[in-house]
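Engineer: just need the structure, nothing else, for what follows:
(one chain, ligands or ions: 1)
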Amino acid sequence: MIASTNSTDRDRTPDQILGPYFPVGCTPAKKDDMTTIEGVDGVAQGEIIEITGRILNRHGVPVHGAGLTIWQANTFGRYAHSNDSNPAPLDPNFVGCVDIRSDDDGTYRIKTVKPGAYPAGPDWMRPPHIHFEIHGQFERLITQMYFPDEPLNACDRLLNAALRPDLLVATPVPLGNRPHHRVLNFDIVLARG
Ligand SMILES: [Fe+2]
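Structural biologist: Sure, this is the predicted structure:
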């Protein structure tokens with residue numbers, strides 16, 4: 001009998017470029033909350049959101065202990081990075097990067113603010129997105145998560161260059177008894193884990 005791909009296998013999350021704002025020398029946020037900075041009074045500006053999801057391999061097996069570096073622009077579309085020449089304001093209460101690990105069932109969770117769109121060229125506005133670098137047990141994946149129902153998604157060159165752009169768009173989670181901020185789910189599938 002010829003072995004075939006199991007129909008329940010998942011598609012690997014597409015790669016996206018690392019981009020020019022990878023946090024070098026950034027002090028990551030405390031734990032999984034990017035909306036406050038340790039030792040600084042105040043809260044980041046913008047819409048507070050929660051991103052949650054699981055790191056899985058293609059067979060749906062959770063990848064526990066995966067390292068995630070997550071970085072993003074602030075609500076105004078500005079990175080706290082020396083390469084960013086966008087004149088949009090910095091937010092003194094927002095560093096915009098965090099290092100976390102997936103737990104035993106592959107779950108990760110962050111609290112942050114929704115990033116703003118920003119210009120990437122004279123005729124290109126990048127839609128709101130969050131960068132992810134994932135170190136699994138066997139591989140490294142660099143990708144970007146996008147928000148549902150964003151008009152700029154339709155013409156973003158990076159999102160639409162992916163083989164499956166739909167796999168890069170997070171899914172709203174019904175609030176239920178959750179906090180009063182928006183929760184989005186973004187599962188990340190590695191080939192081997
Ligand atoms: Fe970016």
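
Engineer: just give me the residue right at the centre of this structure.
Structural biologist: I130 (3.7 Å; CA atoms, centre = their mean).

Engineer: so that one, which of the three states?
Structural biologist: strand (DSSP: H, G, I helix; E, B strand; the rest coil).

Engineer: any idea how far it is from R192?
Structural biologist: 24 Å (CB to CB, to the nearest Å). To be clear about C-beta, it is placed using only N, CA and C from the backbone, and glycine gets the same treatment.

Engineer: got it, and V43?
Structural biologist: Counting by CB to CB, the gap from V43 to R192 is 39 Å.

Engineer: all helices of the chain, in order?
Structural biologist: 157-161 (DSSP state H).

Engineer: packing partners of the strand ranked longest in it?
Structural biologist: Secondary structure of the chain per DSSP state E: the longest strand is strand 48-57. Applying 3 or more CB pairs under 8 Å, 6 or more residues apart in numbering; DSSP states H and E, one finds that strand 48-57 makes contact with strand 107-113, strand 182-185, strand 188-190.

Engineer: report the rounded mean pLDDT for it.
Structural biologist: Average pLDDT, strand 48-57: 97.

Engineer: now what about it, what contacts it?
Structural biologist: The contact list for strand 48-57 (CB atoms under 8 Å, 6 or more residues apart in numbering) reads 10, 35, 62-63, 66, 68, 102, 105-114, 130, 134, 136, 145, 170, 173, 178-179, 181-193.

Engineer: quick check on these: which are buried?
Structural biologist: 35, 62-63, 66, 68, 102, 106, 108, 110-114, 130, 134, 136, 145, 170, 182-184, 186-190, 193 (16 or more other CB atoms under 10 Å).
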